[in-house]
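[1] Got a sequence here, can you model it:
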Amino acid sequence: MDDVGSFIVFENDKVIIWEMLLEPGQQTACHSHQHDSIFYVLEGSTLEVFDKNDAFLFAFDSNTGNAFAFTCREGELFSSDDRCLQVTATHSARNSGMTRYREILVEKNKMKTDSFEKALQKVPSGKLHFCSRENLIH
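    Residues are numbered from 1 along each chain as shown. The predicted structure follows:
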């Protein structure tokens with residue numbers, strides 16, 4: 001199984017920070033998320049998501065400045081935003097837009113961290129949702 005990003009920017013026992021870059025038409029290898037994560041979109045585009053058998057699941061606009069938070073539970077990723085994203089933790093993504101896609105993904109490593117938990121607490125009712133950068137970083 002491949003990595004969840006293009007390369008690791010930073011890693012310690014609490015977090016792994018990835019950068020992911022997808023040119024138009026480029027698709028990631030199939031990969032598995034094993035930890036809760038937050039990703040921040042540096043350069044937005046339209047993404048298509050595929051399951052481990054390369055079957056199309058859904059497409060969504062991931063716009064510059066958006067942040068997404070996911071919890072990983074029993075092989076699934078869950079968010080509770082207005083799009084109600086739920087996806088198998090093992091998947092691939094393809095940039096189906098006309099511009100480059102770039103994100104920073106912060107993955108919780110083996111241990112829970114105060115800063116990660118603090119970011120998640122800023123979400124109303126303790127639920128994860130699609131939110132702006134301002135809701136996550138203070």
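[2] Excluding covalently adjacent residues, which one is nearest to the residue most central in space within the chain?
    By C-alpha atoms, centre = their mean, the chain has its centre lying nearest to Phe39, at 4.6 Å. Leaving out its chain neighbours, the residue that sits closest to Phe39 by C-beta to C-beta, 6 or more residues apart in numbering is Leu105, at 4.2 Å. Using the backbone N, CA and C atoms, a C-beta is placed for each residue, glycine as well.
[3] and the one you found, that's in a helix?
    No: using DSSP: H, G, I helix; E, B strand; the rest coil, the secondary structure at Leu105 is strand, not a helix.
[4] which residues does it contact?
    Val4, Gly5, Ile17, Trp18, Glu19, Met20, Ser37, Ile38, Phe39 (C-beta atoms under 8 Å, 6 or more residues apart in numbering).
[5] can you do 6 Å?
    Residues in contact with Leu105 (C-beta atoms under 6 Å, 6 or more residues apart in numbering) are Gly5, Trp18, Ser37, Phe39.
[6] now the helix or strand where the last one lies, how far from the centre of its chain.
    To tie it back to what came earlier, the one meant is Phe39. Applying DSSP states H and E as the criterion places Phe39 in strand 37-43. Here the centre of strand 37-43 is set off from its chain's centre by 6 Å, with C-alpha atoms, centre = their mean, to the nearest Å.
[7] Which residues does the next helix-or-strand element following that strand contact?
    Where DSSP H and E defines the elements, the next helix or strand beyond strand 37-43 is strand 45-51. By C-beta under 6 Å, 6+ apart, the residues outside strand 45-51 that reach it are 56-59, 61-62, 87-88, 91-97, 99, 101.
[8] could you flag which of these are buried?
    Ser62, Val87, His91, Ser92, Ala93, Arg94, Asn95, Ser96, Gly97, Tyr101 (16 or more other C-beta atoms under 10 Å).
[9] mind listing the strands for this structure?
    7-11, 15-22, 31-32, 37-43, 45-51, 56-62, 66-73, 76-78, 86-88, 90-95, 101-108, 131-132 (DSSP state E).
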